[in-house]
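**Q** sharing a model that was predicted from the sequence below.
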Amino acid sequence: MPSRLKLLAPDYEYLTLDHELLVQDLSDGVPNFAESPQDLKLGEDVRLAFPELVGMEGIMMDILAGRQISFQLAGIVRADQHHTDQAPDSPFYFDLHICHHQDENENYLILLFKDVTEWMMLQQKLIQKSNETNLLLSALTHSKNYIDKIISSMADALLVTTASGDIKTANRAAQTLFGYKIDELVGQPITKIIKNQEFLNNLNHLSPDSSTFQDIELNCLTKQGETVAVAFSCSALITDLEGSLNFVYVGRDLTQRKLLEAEMLQALEREKELTELKSRFISMTSHEFRVPLTAVYSSTELLEQYSHNWAEEKKLKHFNRIKDSVNRMTTLLDDVLIVNKAESGKLEFNPQPLNLNQLCQDLVEDIELGIGKQHEISWINSGRASKACMDEKLLRHILTNLLTNAVKYSPLGSTVQFNCHCREQEVIFEIKDQGIGIPPEDQKRLFESFHRAKNVGNIQGTGLGLSIVKKSVDLHGGKLAVHSEVGVGTTFKVTLPLGDGGAEGAGEAGGAGEAAGAGEAGGAGGARGAGEARGAGEARGAGGAGGEKNKLELLRNTDYTD
């Protein structure tokens, strides 16, 4: 049988095995397929020469017993050591087909070998060509998508026309500029947009080798019938595939250019303002630090030289002077840090449930403790809700700055009105003084850092207080309004959302306020934007009694006389 098979299928080499997988017969070409040709001998185990068969004993026994018809291993590869027509170390591929044959005496396994090297090499070349084609197609698709994205994302309008002037391509910027949808532009003559026939006639002289038209200003017509000025750059090109002449128009809306110029002027103005702000900051800090530092230095020198001869009361006076100066510098640094955090977006907003009535009452008491009987604070609380959900630290910044400013810039013995009115989902704080007022020209810059009005006189201030107020109100999502007349007084109105806590505690009626006594020493006015004499209440709920005590000491020792 194997001999007849060789005659019928000359492309195959054969090998026969008995039930013990010992070689019984083989054709001349079988050693070319063996991993170890020297082990391929009659009567030897076939697995010595063909390690691929190790582990396949069960399959071969099933085939021998007739439980399985056949089995095939395709694409087995060898390092070609036998085909001299192949390059050294080139791969050699073959298929192995296992079947059985039964004669009169015994069943045999037949292993058929076929050299498929040429077919595999051809298949690999086809796969390689297919992969190369796919890579090329992918690259072309990527390139097209890349170009489409560039065209689509261009800020300038892009139009491509045929030599006769029909629009072939338009981008989104052209759609936006001229008011047409892209499919409304494609196929239309360019004269639908550009009405300058002389310019279009000159395009006929353009060639791919000639220079382009640059920034030609033209009046174009939009879909709405409006005229828009556009600076066009135009060039001619030949398409690779069609070989036809096309014209490319790139147009920039001159309105945008003017807007950019305006933005540049604004940026320059902003830079000028920043320079001025820096100058004001240096001036403010040099003055605000020099005074307390001088006080500290002079008091320490006096204590060092004369304390042994002084009474305890006089020593205590200088110690308090040093403490007040340190408190003033600490407060200034705290304000600068708050403003810096706010402007860099790092000022935290942490709303928590709080009692507005209690907070306002504590705040008024703290400030009254600081100012003594020099001014009167009339607090009136009205509305139905006493509970809110706000950032207590920021709320104290708001109210403390406004109240201490009202006190500082009001004459001796005057009354500061502090009204708190709750309604539905918001609370309105109104603080009204009888102070010097704010000049109209300064009200525009009222909330700028380090800005102080021109009528502040010698009243100390940093120009940070109202900046902190504005930023704190903004973080609450509230509103801040001011009305002021020079020589009459100023009213600040702060409107803040109550938050989730505002629905609680309904039914509390408004109360009449607390009042402080009239004063001994009074201050003439100053401008808003100050506030370094803020009260101790600002530190509540925010970080310790130390800062609260410092600010209370500041209020107690602030001289409100000029």
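**A** Cool, the structure landed. Numbers count the residues shown, from 1 in each chain.
**Q** all helices for the stretch 101-250 of the chain, in order.
**A** 117-153, 172-178, 182-185, 197-203 (DSSP state H, counting those that start in this stretch).
**Q** where's the residue nearest the centre of the chain relative to residue 468, distance?
**A** A centroid search over the chain (C-alpha atoms, centre = their mean) returns residue 345, at 12.8 Å, as the residue closest to the centre. Per C-beta to C-beta, to the nearest Å, residue 345 is found 15 Å from residue 468. C-beta: built from backbone N, CA, C; applies to glycine.
**Q** swap in residue 173?
**A** To residue 468, residue 173 is 44 Å away according to C-beta to C-beta.
**Q** who has more neighbours out of the two?
**A** A count of neighbours by other C-beta atoms under 10 Å puts residue 468 above the other of residue 173 and residue 468, at 25 against 20.
**Q** what's the helix or strand for the more buried one?
**A** Assigned by DSSP states H and E, residue 468 belongs to helix 465-475.
**Q** how about that helix as CSV, C-alpha atoms only?
**A** This file holds the C-alpha atoms of helix 465-475, laid out as CSV (Å, rounded to 0.1, in the frame of the first residue of the first chain):
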residue,chain,number,x,y,z
GLY,A,465,-10.1,94.5,53.6
LEU,A,466,-12.7,95.1,50.9
SER,A,467,-10.8,92.9,48.5
ILE,A,468,-11.2,90.1,51.0
VAL,A,469,-14.9,90.9,51.5
LYS,A,470,-15.5,90.7,47.7
LYS,A,471,-13.7,87.4,47.3
SER,A,472,-15.5,85.9,50.3
VAL,A,473,-18.9,87.0,49.0
ASP,A,474,-18.1,85.5,45.6
LEU,A,475,-17.2,82.2,47.1
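**Q** now it: average pLDDT?
**A** Mean pLDDT, helix 465-475: 86.
**Q** then stretch 99-106?
**A** On average, stretch 99-106 scores 81.
**Q** repeat for stretch 141-155
**A** The model assigns stretch 141-155 a mean pLDDT of 82.
**Q** again with stretch 444-459
**A** pLDDT averaged over stretch 444-459 gives 73.
**Q** what about it, start to end distance?
**A** Stretch 444-459 has its terminal residues 21 Å apart, counting by C-alpha to C-alpha, to the nearest Å.
**Q** which residue ranges of the chain form helices?
**A** Under the criterion DSSP state H, helices of the chain are mapped to 2-8, 57-64, 117-153, 172-178, 182-185, 197-203, 254-306, 312-343, 356-371, 392-408, 440-443, 465-475, 545-557.
**Q** surely residue 187 meets residue 167?
**A** Yes: contact criterion C-beta atoms under 8 Å: residue 187 and residue 167 qualify, at 6.6 Å.
**Q** shared neighbours of the two, anything?
**A** Counting by C-beta atoms under 8 Å, 6 or more residues apart in numbering, residue 187 and residue 167 have no common neighbour.
**Q** neighbour count: these two, which is higher?
**A** The neighbour count for residue 187 versus residue 167, taken as other C-beta under 10 Å, is higher for residue 167 (22 against 9).
**Q** check contacts around the more buried one.
**A** Going by C-beta under 8 Å, 6+ apart, residue 167 touches 159, 160, 161, 185, 186, 187, 188, 189, 190.
**Q** find the nearest non-adjacent residue to residue 480, please.
**A** Excluding the flanking residues, the one nearest residue 480 by C-beta to C-beta, 6 or more residues apart in numbering is residue 473, at 4.7 Å.
**Q** from what I can see the one you found touches residue 494, true?
**A** Yes: taking contacts as C-beta under 8 Å, residue 473 lies within contact range of residue 494: 6.0 Å.
**Q** which residues do these two both contact?
**A** Contacts common to residue 473 and residue 494, judged by C-beta under 8 Å, 6+ apart, are 398, 479, 480.
**Q** remind me which residues of the stretch 301-450 of the chain are low pLDDT?
**A** 383-385, 449-450 (pLDDT under 70).
**Q** quick check: bridge partners of the nearest residue to residue 402 once chain neighbours are set aside?
**A** In space, and not counting its chain neighbours, residue 402 is closest to residue 431: 4.6 Å by C-beta to C-beta, 6+ apart. Taking DSSP bridges as the rule, residue 431 bridges to residue 418, residue 492.
**Q** which residues touch residue 431?
**A** Listed by C-beta under 8 Å, 6+ apart, the contact set of residue 431 reads 399, 402, 403, 406, 416, 417, 418, 419, 491, 492, 494.
**Q** please redo it, this time with the cut-off set to 6 Å
**A** 402, 406, 418, 492 (C-beta atoms under 6 Å, 6 or more residues apart in numbering).
**Q** farthest pair in the residues you listed?
**A** The most widely separated members of those, counting by C-beta to C-beta, are 418 and 492 (10.3 Å).
**Q** quick one: pLDDT of the nearest residue to residue 495 once chain neighbours are set aside?
**A** Distance criterion C-beta to C-beta, 6+ apart; nearest residue to residue 495, sequence neighbours excluded, is residue 479 at 4.4 Å. Reading off the confidence values, residue 479 has pLDDT 92.
**Q** can you tell me how far residue 479 sits from residue 375?
**A** Counting by C-beta to C-beta, the gap from residue 479 to residue 375 is 27 Å.
**Q** please apply the same query to residue 491.
**A** For residue 491, the distance to residue 375 - C-beta to C-beta - is 16 Å.
**Q** returning to that earlier point: how far away from the center of its chain is the helix holding residue 468?
**A** Offset of helix 465-475 from its chain centre (C-alpha atoms, centre = their mean, to the nearest Å): 24 Å.
**Q** does residue 71 touch residue 59 like I think?
**A** Yes: with contact defined as C-beta atoms under 6 Å, residue 71 reaches residue 59; the gap is 5.3 Å.
**Q** closest one of the contacts of residue 167 to residue 305?
**A** The closest of those, once distances to residue 305 are taken by C-beta to C-beta, is residue 159, at 87.0 Å.
**Q** what's across from the closest one in the sheet?
**A** Beta bridges link residue 159 to residue 170, residue 249, judged by DSSP bridges.
**Q** thinking again about what came up before, ok, the residue nearest to the centre of the chain to residue 448 distance?
**A** 18 Å.
**Q** same check on residue 422?
**A** 31 Å.
**Q** ok, now residue 469?
**A** According to C-beta to C-beta, residue 469 and residue 448 sit 12 Å apart.
**Q** neighbour count winner among these two?
**A** Taking neighbours as other C-beta under 10 Å, residue 469 and residue 448 compare with residue 469 leading, 26 against 19.
**Q** wait, that one touches residue 401, no?
**A** Yes: with contact defined as C-beta under 6 Å, residue 469 counts as touching residue 401 (5.0 Å).
**Q** what about residue 418, neighbour count?
**A** With other C-beta under 10 Å as criterion, residue 418 counts 25.
**Q** can you list the domain ranges for this structure.
**A** 2-115, 120-150, 151-257, 261-338, 350-557 (automatic domain parsing).
**Q** for the ones you listed, which one ends up most surrounded?
**A** With neighbours defined as mean count of other C-beta atoms under 10 Å, those peak in mean count at domain 350-557, which reaches a mean of 20.
**Q** just checking, residue 342 touches residue 471?
**A** Yes: at 3.9 Å, residue 342 counts as touching residue 471 under the criterion of C-beta under 6 Å.
**Q** quick one: residue 326 from residue 335, how far?
**A** For residue 326, the distance to residue 335 (C-beta to C-beta) stands at 15 Å.
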